[in-house]
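Colleague: Give me a 3D structure for the following:
(chains A and B)
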Amino acid sequence: DAKTTQPPSMDCAEGRAANLPCNHSTISGNEYVYWYRQIHSQGPQYIIHGLKNNETNEMASLIITEDRKSSTLILPHATLRDTAVYYCIVRAGIQGAQKLVFGQGTRLTINP
Amino acid sequence: GAVVSQHPSWVICKSGTSVKIECRSLDFQATTMFWYRQFPKQSLMLMATSNEGSKATYEQGVEKDKFLINHASLTLSTLTVTSAHPEDSSFYICSARDRVSPLHFGNGTRLTVT
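Modeller: Below you'll find the model as predicted:
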């Protein structure tokens, strides 16, 4: 699976959009980009995933560059409860039993 | 949908004893579950892949005789930490998926070995 690079930490003001970048320059054509977050002392929570098109759901938007070498997770109106570690993971395929390998993620702090 | 439940959420045990952690997929069948371990201020580390009806696949450096995994049904996998020692104190997290959804995680089990 392709390696990802994320900034170790970010801050964002409450109510503003939080934009979390992820570089995955060695991504292969069949690899998806997944985003999870982990709030302190809880299990990771699935946020969103995509292959090449931009995706949006009730939690966030995922913007993938045309060359697919990087992506951005957008939390449109961040709240204090969005404070967490956000993980960007690249993995082949959605079917099957492929494991997820976590990097160090980005620690996002939402400030009041 | 795709709810994964872990039990217990926390456990304290004495050194030398064994502890069993359960992972259940509540509303779907999971042929494969994954077990992770997380030390303070670190990321999740994959320990093993649990396959229903067959032996688990362990990641390099994880002792299979110490961390026993049983996946006897499509909704339950168990991790038993045998002869636990203080260095086994950690946050253990399981995950599972059905055929169509991404991996979903349990809320973890915090193990403290005294």
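
Colleague: CA atoms for contacts and neighbours, from now on please.
Modeller: Fine.

Colleague: Just read off the phi/psi values of the residue lying closest to A:Arg81 once chain neighbours are set aside.
Modeller: Nearest non-adjacent residue to A:Arg81, counting by Cα to Cα, 6 or more residues apart in numbering or on different chains: A:Ile110, 7.9 Å away. Here is the backbone geometry of A:Ile110 (degrees, to the nearest 10): phi -100, psi 120.

Colleague: Just want the most central residue of the chain.
Modeller: All of this is about chain A. Central residue of chain A (Cα atoms, centre = their mean): A:Trp35, 3.3 Å from the mean position.

Colleague: Not quite, go with chain B.
Modeller: B:Trp35 (3.9 Å).

Colleague: unless I'm mixing things up, that one is touching B:Asn51, no?
Modeller: No. Between B:Trp35 and B:Asn51 there is no contact under Cα atoms under 8 Å: 11.1 Å.

Colleague: what lines up beside the host helix or strand of B:Trp35 in the sheet?
Modeller: In this structure, B:Trp35 is located in strand B:32-38 according to DSSP states H and E. Taking DSSP bridges as the criterion, strand B:32-38 pairs within the sheet with strand B:45-51 (antiparallel), strand B:90-96 (antiparallel).

Colleague: which strand residues sit across from A:Thr109 in the sheet?
Modeller: A:Asp11.

Colleague: Please verify my assumption that it contacts A:Cys12.
Modeller: Yes. The pair A:Thr109 / A:Cys12 is scored as a contact, 6.3 Å apart, by Cα under 8 Å.

Colleague: tell me the contacts of the residue nearest to the centre of chain B?
Modeller: B:Leu46, B:Met47, B:Ala48, B:Thr49, B:Ser50, B:Leu79, B:Tyr92, B:Ile93, B:Cys94, B:Ser95 (Cα atoms under 8 Å, 6 or more residues apart in numbering or on different chains).

Colleague: so who does the closest residue to it other than its chain neighbours touch?
Modeller: Once flanking residues are discounted, B:Trp35 sits nearest to B:Cys94: 4.5 Å by Cα to Cα, 6+ apart. Taking Cα under 8 Å, 6+ apart as the contact definition, B:Cys94 lies against B:Gln6, B:Cys23, B:Met33, B:Phe34, B:Trp35, B:Tyr36, B:Phe105, B:Gly106, B:Gly108.

Colleague: Measure how buried residue 34 is and give me the count.
Modeller: No chain was given, so I picked chain A. Neighbour count for A:Tyr34, taken as other Cα atoms under 10 Å in any protein chain shown: 22.

Colleague: The intended chain is chain B.
Modeller: Residues lying near B:Phe34 (other Cα under 10 Å) number 26.

Colleague: For it, list each beta-bridge partner.
Modeller: Using DSSP bridges, the beta-bridge partners of B:Phe34 come out as B:Thr49, B:Ser95.

Colleague: That one against B:Ser50, yeah?
Modeller: Yes. Counting by Cα under 8 Å, B:Phe34 does reach B:Ser50; the two are 5.7 Å apart.

Colleague: B:Gln6 touches B:Arg24, doesn't it?
Modeller: Yes. Shown here, B:Gln6 and B:Arg24 form a contact pair, counting by Cα under 8 Å, at 6.3 Å.

Colleague: related to what we said a few turns ago, now the strands paired with strand B:32-38 as CSV including mean pLDDT and distance to B:Ile69?
Modeller: CSV is the format used below for the strands paired with strand B:32-38 (pLDDT from 0 to 100; distance: least, Cα to Cα, whole Å):
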stretch, mean pLDDT, distance to B:Ile69
strand B:45-51, 91, 7
strand B:90-96, 96, 11
